[in-house]
Structures are given as C-alpha cells and as structure tokens.
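Student: give me a model of this one.
(chains A and B)
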Number of protein chains: 2
Amino acid sequence: MTETARTFVENARQQIGAYVALRGWIYRLRVLSDTAFIVLRDCTGEVQCVSATARLRSLRLKKEDAVEIRGTVRADQRASGGVEVMVEEVLVLGAASRALPFNSSGDIKKVSLNAQLDYRPLSLRTARLKDIFDVKNALLRSFRKFMEANHFTEIITSKLVGRGTEGGTNVFEVDYFGRQAFLAQSPQFYKEHGVVAFERVFETGHVYRAEPHASSRHLTEYYSLDFEVGFIDGPEDVIEIERKLLESMFLDLAKRHKEALERLDAWPLPDIAKAPIWTFDECLARLANCHGLTHLTDDLDPNAERLLCALAEEETGVAAVFVLGFPLSGRPFYTLPRGKEGASQGFDLLLNGVEVTTGGQRHHDHDALRASMSSRSVGPSQFEDHLRMFQLGMPPHGGLAIGLERLTAQILHLRNIRETVMYPRDRNRFSP
Amino acid sequence: MTETARTFVENARQQIGAYVALRGWIYRLRVLSDTAFIVLRDCTGEVQCVSATARLRSLRLKKEDAVEIRGTVRADQRASGGVEVMVEEVLVLGAASRALPFNSSGDIKKVSLNAQLDYRPLSLRTARLKDIFDVKNALLRSFRKFMEANHFTEIITSKLVGRGTEGGTNVFEVDYFGRQAFLAQSPQFYKEHGVVAFERVFETGHVYRAEPHASSRHLTEYYSLDFEVGFIDGPEDVIEIERKLLESMFLDLAKRHKEALERLDAWPLPDIAKAPIWTFDECLARLANCHGLTHLTDDLDPNAERLLCALAEEETGVAAVFVLGFPLSGRPFYTLPRGKEGASQGFDLLLNGVEVTTGGQRHHDHDALRASMSSRSVGPSQFEDHLRMFQLGMPPHGGLAIGLERLTAQILHLRNIRETVMYPRDRNRFSP
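Tutor: Okay, the predicted model is just below:
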C-alpha cells in the first residue's frame, strides 16, 4: 500500500473525484452478493463507502472495526453529506471482537446501564450518548467562556486537603505519607481566598462526597462548576449572575446543539430569566397550601423540590425556582445570616424538579466567621490558616456551585445521572 | 449613603465628569498633610483617587483594605489610564490587618516562599504573581482552544481508581468505603478508552504522584494537559501535533501577555518549530562526545536534560529538543516498542533544561498489550476491564501529557515550580 495522507471525512466531502485515504470505524455494514455498503465514521463525520463484495471477503469486516479505506470520492445526492466513496482498498487497523454485547448503531436504551459502563467506549459511540456528552461539553465550554468574559479568573485548587470544608463528615480519607488528608468536598475555602486575591474567580473541577447512598442523582465524585464573586450587596447579586450565566450557556447550546436537544426530547430549553425567587418560608407556605405538606422545617426534600418546580411551572411556564433564605441550621458555618429569624443568605436553584445549584452570600468578617465556627462547635483552631485570609481585606462576597452532571441530566430529563459520566463513582462502582 | 450602582475601574475611564461608586482594594496609599492619594484596584484595573486628607482621618485607611470609593471622574493626562477620581465618600468594606508580613505593592521576591504561601491571596495580588498566573491561565485556555479547534473531545475522567496506571508505585491510597482505592497517577487508560470512543480526546485535570522527594520541580499534585489521538502512523505524528499546539499557545500568549512576559524576562518565547527530534541513542552520543558523560543507560537525568537543551540551543537557537526512542525498560508497559533493539516509541520534550512533556505511541493490539504486561510481571488479570477496551476496534494511537506548572515555570525561567501553584502540595506541605 503506497503512502497517501489521511483525509478527514468532512474534508473528503469537498474533494469530488479525488483518491483519498479515510480512517475510522465501521458504523454500519450491509453486504449484498455483489456490492457492500460501509458507513465509515471518524471524529469529523460519517460517509458511505461502496465496495465490490469480493474485495472485502478475506478481511472478514464487521461493525466497530477500525479501518483505513482508500478510494475515490463521488458526488451522490442520495447519500448523507452528498458524497460516497468508491472503495479500492481496505486495511484493518484494529479489529473489534466478534463477541460484543451490543453495537454502536443499535438502540442503547435497550442495553443495561452496567453493560454500558463495562463497555463505555462502545456506548459513547452511540448517537444518544454522543448527544449527551456533546451537551455536557458544550455547557462546560460555555461556562468557562462566560466567566472569562466577565472578569473571573480561573483558579486551580488542591483536592488534597487537611480537613473537610464543612467540618468533617462524608469525606474520603487519604494516606498522605503516613498523615491523614482528605479529598476536598468543595473548593469553597479556596474560592474565598481567590476572591480576596482576584475579586472574581471560577473553577471547574472534581469534588468528592463520601455519601453512602447510591441514588439516581448522587455521585461520590462529580464535576463542579464553581464561581465566587467579591463586592456584592447580597445573594440576589449572585442569583442575577447565575441567571445571566445560564441564559448564556443555554443560548450557546441552542445555537450549536439544537438537533441533539431535539433528538433527546429536551427542546426548548427553560427560560431561566423567568424563574422566580421564592423565600424558603414562602416555599413552605406554598407546599402547605397547595399540597398539605407541613413536615419540612430546615431543608427541602426531593418530593418538595419536585412540587416546587411544578408550582413554578404553573405560574411562570418554567419549571425552575430560586429558593432563598434556607434556615441557617441547615447550611454550612460560612453562610451569612439573613435577618434575625434564623434564616441564611443561602439559596438553591431547583430545575425540572431537582436542585442543580447551591450558593449564597458568605461571612466576610473575620470575627463573625470565627464566632459562627464556635457556635457550631467546629473549632476555629483547626481553621487558623483559613481565618488568616479574612485579615487581608476580605470584601462581602458570595458564589455558587453547579453540578455539571446534575445540570446536564436535568436539562435532558435523564432518569439516571450516570448517563452523563464516563466512569461514574458510587458506593459500589469504582472501576474501570 | 445613597444607592449608586458599582462601576468597574475600566468603565469609569469612559465616564469623565460622572459620579461613580468604585469598589476594590487600596493598592497604594500616600497621605500628605492636605491631600491623600489612593490607588484603588479592582478586577479590571487601577485608578488613582484623590481626597482631602481630613476626610479620611477617622477611617484609618491602610494598604490592602477593601473599600468603596465614591467620587467624580476627572480627566488627567498624568494619571495612568488618563483619569483620576475626586473622592467624596469612602467606606471600608473589609479592613485588612495592621500586622501583615508584606504587602501587595512591595517586592515579592524579597518574601520567603513559605510566607508567600501562608498568605497566598496577598502574594497573588502582587504584580509578579499576577503575571505568572495570567501566563499559566493563558496557556491553559489556549490548550483547550487548540484542542477544540482540532476535533478533540474533552473528557472528564475519574481520579479515584482501583489501581495505579503504571502498576502500583508512588500512588496515594484512599479509603473508599472500607475498600482500597488510589488517586490516579495519570488519565492514561481513560484517554485510550476515549480514543476508541471519540478518536481524539483531551483532558485538563489533576494527577497525583506520591513522590517522596521535595525538589524545586516536583509536586505531588499537579495539573496535567493531556491529549490522545487515534489513527496515527507513529510517534512523530504526536510530536507534530505538539509542535503546532505549542506554537499556537505561544502565539496567543505573545498576543495577550507580551508585557507580562517582558516584565518576567521571558521574552521572546522559544520557537518550538525549530526544536529538533533526536533519538535517545543520538542524545547519549552527543553527551559522550561533548561532555564525556557515559553513565546513562535507560533514562536521562536532570543534568543530561540541561546539557541537551544547551546543545540544541547551540545548533538551532532554541533550548528545546524532542528526545525520541527512550529504552523500553524505562517506560510503562503500554509503550510501543521501536524497532528490535529495546527502544520504545516514547518521547519527551525538554524545554529550557527540563522535561515538560512525556508522550509516545502506545500498544493498540490487545494481545501485544497483554504480552507486554506479562513480560513486566504486571499481571493482566488486574487489568481485564482495561484490556476489554482493546477489543472494541482500537486504532494505532498515541498522546502526551504536559505538566501545566512545569511548562509555565520553564517558559518563565522560574527557579521553583511552587511559584506557579495556588497551594502546592509536596511531602511536607498540604495546607492551607
């Protein structure tokens, strides 16, 4: 076989009449007595290739094989992309097994989640999973883009910490050269250090929660979209930034991935500008009035989150609501109080029935933060190297964290958050 | 104080004559008997504010305080940015301590690294550290941009793994609900799974090495810029992509941060297109001929890396060289052999005297990979869920990893890699 530089499928479409070498996977294969049709896929697209059946016989081609196909590009209005390739040579570069449990052109919804995860690359090759991951990646990209356009500095913070952010529960322990360290539950402290350094910071990275329950909406390792912003007047400023952020992310998504959203029954996207802000007390009152729910005191539960989104949808047409003023008792010690009634400046965003964001305004005064730690028996002495940063001119500040997988799953109405993760981690699964 | 929306410094410059409310930190402060000069800094820039000294007396202002300054913008050609603000009101939003060990407008080079890290936000406010972090962030942003423009799909892979990538040395152990897990040393396996799913993948994320030495160039947690690409003909294809990648990253850097590079004595940037490819054997011969070094057998050492960069600089004008064909014995089991003499398709990029990239072509054939594991006594049975992915049509592939901190430090000629990290981790330090 002589040397011919490899051509991407998308470029071959512009080269009618040319002899090209394509490389990719056999996505579809139909072998008739005289003629065989191969749909070849690479990272730029798909193209149909047509060969004499006799030419392929000795290769024993099958779906999922990695191959090089050489041949001549021919215009064909019937073909997707407007061209097909008349095959002259085929070379198998990486043969697939004959005993795969499913293949990438079949209906992945019929394959169990465990089988999908055991053969993750194969499931990622399917149209459905590709759509889901495209949406997730687009959200991530747009998050970064919005942050950079709005004076936020990217920070990269350590995931190996001396203690848990919230004071020590549900953390994974690491043997750090014989000393005890933990995996960070959130970059909260570091984001606040980032504020006093750079005013506005963001981070995209893993966080870890050693939560023992294996539900359809929890992961022990997830990807958090975090920002923190200085010089705010109140938590409403953080909510306003999140509204603009999500509007911008959804607009980008609509521009680039509308067809994927349609295929996933996720079109149109919610108009977050219409999501109301309800106080926690107002939420309890609505739940009591509309549904007779009266057992909630210091937090919402999954059922309440669903009902509140439904109520918001009735009022505004959008199944999303910012809940502001959660009881202080249910929020971490760094949360600023709201008024004098035991409420906090913490908020959540509920979207399509599930919490996708937790945020709020934080303590910025050194002495008030220290007092809040003491009142929770957190022990300020463990946190001296954090408290020190509140003596460097810490402005009023707040921020939030969006779970990327959670957001993706809620936008796409996925039943299980694991569909959005390459290799999800939960109590039972930590391989491959 | 009445409500006036906060204005960013960069916007105030366009509002000559307007009454504005600025928020930021006191970067410089000069108090004369009648008049006081405050240089205020926010996330968009700096502006000089001029006040009657009497107005400020009760506030006891000091450098690093977070303040709001209200006043009228006035054109002043002598001032940086062309304007200054005539102060009418000042409000302290977050007072700094009077007992800080250094301040942000001083010479950070005179402050010990430990003091810099103990007061990290304060050191990040200095011009030098801001420049370093701007450069690092620009490199990261450009890496992602190049990848996205070249059909690479972003992947997010688990850092909690069932075993070490290279077979179990220097890994941190995690207590995973009573079971033994590890922090990932690299995303290598997952990148290869990504190739068989998406053809071209990249990841930006943390990796962990429990290396006991605390040198000026090692961290136990660092940020890795990884990519992996399918359908290559050899490791030279990976090198070629890295050349284009670095050229693109350096071009972006030159466009946006030339002044920072000049301030850091790092201008001009190296022209990576000129970096030669030398085989490992060729390197040993040069080291023997030019420096009489003959003790090296299966790897380079720091001294050899320095000397090779100096030799490359003499020949090409650029202190950078790709070293290809490291002995197989010194590379991980997944490295493809090169010819029959015990060499591998692994390469490093040495830049300004230090290795900043490790890459190569990998095994893609299932049976050959299994045999390579066995020959290293790695025990293929531990890796069944990895080997499985080599039956899904795995094409010839390769890739590389660039240490972001290492690259930043080498470009900027920094003596200690810790200068590039918010909170570096080494054997001795894991807080704050």
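Student: beta-bridge partners for the closest residue to A:I156 other than its chain neighbours, please?
Tutor: In space, not counting the residues next to it along the chain, A:I156 is nearest to B:Y223; the distance is 5.3 Å by Cβ to Cβ, 6 or more residues apart in numbering or on different chains. All C-beta atoms are positioned from the backbone trio N, CA, C, and that covers glycine. Under the criterion DSSP bridges, B:Y223 forms beta bridges with B:H206.
Student: tell me, how many residues neighbour B:Y223?
Tutor: B:Y223 has 22 neighbours, counted by other Cβ atoms under 10 Å in any protein chain shown.
Student: check the gap between it and B:M422 for me.
Tutor: Using Cβ to Cβ, to the nearest Å, we find B:Y223 at a distance of 10 Å from B:M422.
Student: what do you get for A:N303?
Tutor: For A:N303, the distance to B:M422 equals 40 Å [Cβ to Cβ].
Student: so for those two, which sits in the more crowded spot?
Tutor: Between A:N303 and B:M422, counted using other Cβ under 10 Å, B:M422 has the larger neighbour count: 23 against 13.
Student: hang on, the earlier thing: do I have it right that the residue nearest to A:I156 meets B:I402?
Tutor: No - between B:Y223 and B:I402 there is no contact, the gap being 9.6 Å when judged by Cβ atoms under 8 Å.
Student: any residues of the stretch 201-350 of chain A in contact with chain B? List them.
Tutor: Remark: the part of the stretch 201-350 of chain A in contact with chain B comprises A:G205, A:H206, A:Y208, A:A210, A:P212, A:T220, A:E221, A:Y223, A:G230, A:F231, using Cβ under 8 Å from any Cβ of the partner chain.
Student: let me know the closest of these to A:Q391.
Tutor: Within these, distances to A:Q391 taken as Cβ to Cβ reach their minimum at A:G230, with 15.4 Å.
Student: before we move on, back to that, let me have the residues of the stretch 201-350 of chain A next to chain B in CSV, extended by pLDDT.
Tutor: CSV is the format used below for these (pLDDT from 0 to 100):
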residue, pLDDT
A:G205, 98
A:H206, 98
A:Y208, 96
A:A210, 93
A:P212, 83
A:T220, 95
A:E221, 97
A:Y223, 98
A:G230, 98
A:F231, 98
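Student: state the mean pLDDT of the helix ranked longest in chain A.
Tutor: The helix that spans the most residues within chain A, counting by DSSP state H, is helix A:235-263. Averaged across helix A:235-263, the pLDDT comes to 98.
Student: go through whatever helix or strand comes next after that helix and flag the buried ones.
Tutor: In the C-terminal direction, the helix or strand that comes right after helix A:235-263 (DSSP states H and E) is strand A:277-279. Neighbour counts using 16 or more other Cβ atoms under 10 Å in any protein chain shown place A:I277, A:W278, A:T279 of strand A:277-279 among the buried residues.
Student: kindly report the same for stretch A:140-153.
Tutor: Buried residues in stretch A:140-153, defined by neighbour count with 16+ other Cβ under 10 Å: A:L140, A:R141, A:S142, A:F143, A:R144, A:F146, A:M147, A:N150, A:F152, A:T153.
Student: what sits up against that stretch?
Tutor: The contact list for stretch A:140-153, computed with Cβ atoms under 8 Å, 6 or more residues apart in numbering or on different chains, reads A:154, A:194, A:198-202, A:204, A:223, A:225, A:227, A:229, A:241, A:244-245, A:248-249, A:252-253, A:402, A:404, B:8, B:43-44, B:133, B:137, B:141, B:144, B:148, B:154.
Student: mind giving me the packing neighbours of the longest helix of chain A?
Tutor: Contact partners of helix A:235-263 among helices and strands, from 3 or more Cβ pairs under 8 Å, 6 or more residues apart in numbering or on different chains; DSSP states H and E: helix A:127-149, strand A:221-230, strand A:320-324, strand A:346-351, strand A:354-362, strand A:397-403.
Student: run the last query once more with 7 Å
Tutor: Other helices and strands packing on helix A:235-263, by 3 or more Cβ pairs under 7 Å, 6 or more residues apart in numbering or on different chains; DSSP states H and E, are helix A:127-149, strand A:346-351, strand A:354-362, strand A:397-403.
Student: need the mean per-residue confidence for the second one.
Tutor: Per-residue pLDDT values across strand A:346-351 average out to 98.
Student: got it, and the longest one?
Tutor: Per-residue confidence for helix A:127-149 averages out to 98 on the pLDDT scale.
Student: now do that helix against helix A:235-263, angle only.
Tutor: For helix A:127-149 against helix A:235-263, the angle between stretch directions is 150 degrees (axes from the mean of the first three to the mean of the last three Cα atoms, to 10 degrees).
Student: again, but for the shortest one
Tutor: If you take the same axes, to 10 degrees, strand A:346-351 sits at 20 degrees to helix A:235-263.
Student: direction included, what does strand A:346-351 pair against?
Tutor: strand A:320-324 (antiparallel), strand A:354-362 (antiparallel).
Student: hmm, who's touching the next helix or strand after the shortest one?
Tutor: Helices and strands here follow DSSP H and E; after strand A:320-324, the next one along the chain is strand A:337-338. Contacts made with strand A:337-338 from outside it, assessed by Cβ atoms under 7 Å, 6 or more residues apart in numbering or on different chains, are listed as A:G325, A:L328, A:S344, A:Q345.
Student: can you give me how far the very next helix or strand once past strand A:337-338 is from the chain middle?
Tutor: Past strand A:337-338, further along toward the C-terminus, the next helix or strand under DSSP H and E is strand A:343-344. Chain-centre distance of strand A:343-344: 29 Å, with Cα atoms, centre = their mean, to the nearest Å.
Student: ok so, going back, shared neighbours, B:Y223 and B:I402?
Tutor: Common neighbours of B:Y223 and B:I402 (Cβ under 7 Å, 6+ apart) do not exist.
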